[in-house]
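A.B. asks: please work out how this folds:
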Amino acid sequence: MLQKLTALLLILLLSSCGSLIDHIRERQQATRTKDDKGRIVKIEIPDGEDVTVIKEEETKVKVDYFKDKWGIKLNGNENLKLLQSIDEWLGVPYKDAGTTKIGVDCSGLTKAIYKEVYNIDLARRSHDVYLQSVEVSRSSLTDGDLIFFKLKYSEVSHVGIYISNGNFVHASSSSGVIISNLSEKYYTEGFYKAGRIERR
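C.D. replies: Residues are numbered from 1 along each chain as shown. You can find the predicted model right below:
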């Protein structure tokens, strides 16, 4: 009885090992597709004549990560590439006519993020960016839309990129690149219009 049981266990063990080896070989033959930042976004595993496709998350960093890090309310469906780009710019000091992470102004920031996220070239001045955009109502704002302000001058003098729930990123002359909210008195009073650039 003991010999039969031992033999049965041995057969099961060998069978399992064979399946495991086949699985490992199959995984080794898999084709992994990476995005431009080196993250695996797709794994193709040969399975006979068919190909089984395992789609992984575009990125391990989810919207909740930014919500917690920034301490703001997000909807959960924001463009992750936009959020990642914003995160990389937060804290950069303000510099008049600046366009780099050494120092940047509001239109320089907007231009840089739009190029990074959407591969779109915006004008360099806030007022010219406003002229490029198509006006949208404040109630229809979505992530990536533009917020224009008349803070000290008669024409548009400040621009930011809308995120969600009233939050927008911009380069403040006093605080550098920060996230503010349209409900704040200063921005409520200075708000002029919202605009949208056709995004790819």
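
A.B. asks: domains in this structure, by residue range?
C.D. replies: 21-60, 63-196 (automatic domain parsing).

A.B. asks: give me the nearest residue to I163, chain neighbours excluded.
C.D. replies: D143 (5.6 Å; Cβ to Cβ, 6 or more residues apart in numbering). Yep, even glycine has a C-beta here, placed from its N, CA and C like the rest.

A.B. asks: please identify the helix or strand for G160.
C.D. replies: Here G160 sits within strand 158-164, counting by DSSP states H and E.

A.B. asks: just checking, what packs against the strand or helix carrying A194?
C.D. replies: Taking DSSP H and E as the definition, one finds A194 inside strand 191-196. With contacts taken as 3 or more Cβ pairs under 8 Å, 6 or more residues apart in numbering; DSSP states H and E, strand 191-196 sits against helix 126-132, strand 134-136, strand 146-149.

A.B. asks: within the sheet, what are the partner strands of the second one, with directions?
C.D. replies: Within its sheet, strand 134-136 is paired with strand 191-196 (antiparallel), according to DSSP bridges.

A.B. asks: which parts of this protein are strands?
C.D. replies: 31-34, 40-47, 50-55, 99-100, 103-104, 134-136, 146-149, 158-164, 167-172, 176-181, 191-196 (DSSP state E).

A.B. asks: I'd like the average pLDDT over the first one.
C.D. replies: Averaging pLDDT along strand 31-34 yields 56.

A.B. asks: need the contact list for the spatially closest residue to S157 that is not a sequence neighbour.
C.D. replies: Spatially, and ignoring its direct neighbours in sequence, S157 is nearest to L151 (5.4 Å; Cβ to Cβ, 6+ apart). Shown in contact with L151 (Cβ atoms under 8 Å, 6 or more residues apart in numbering): 157-158, 190.

A.B. asks: lowest average pLDDT across the domains of the chain?
C.D. replies: Taking the mean pLDDT of the domains of the chain, domain 21-60 comes last: a mean of 47.

A.B. asks: is it true that I163 touches E78?
C.D. replies: Yes. Counting by Cβ atoms under 8 Å, I163 sits close enough to E78 to count as a contact (6.5 Å).
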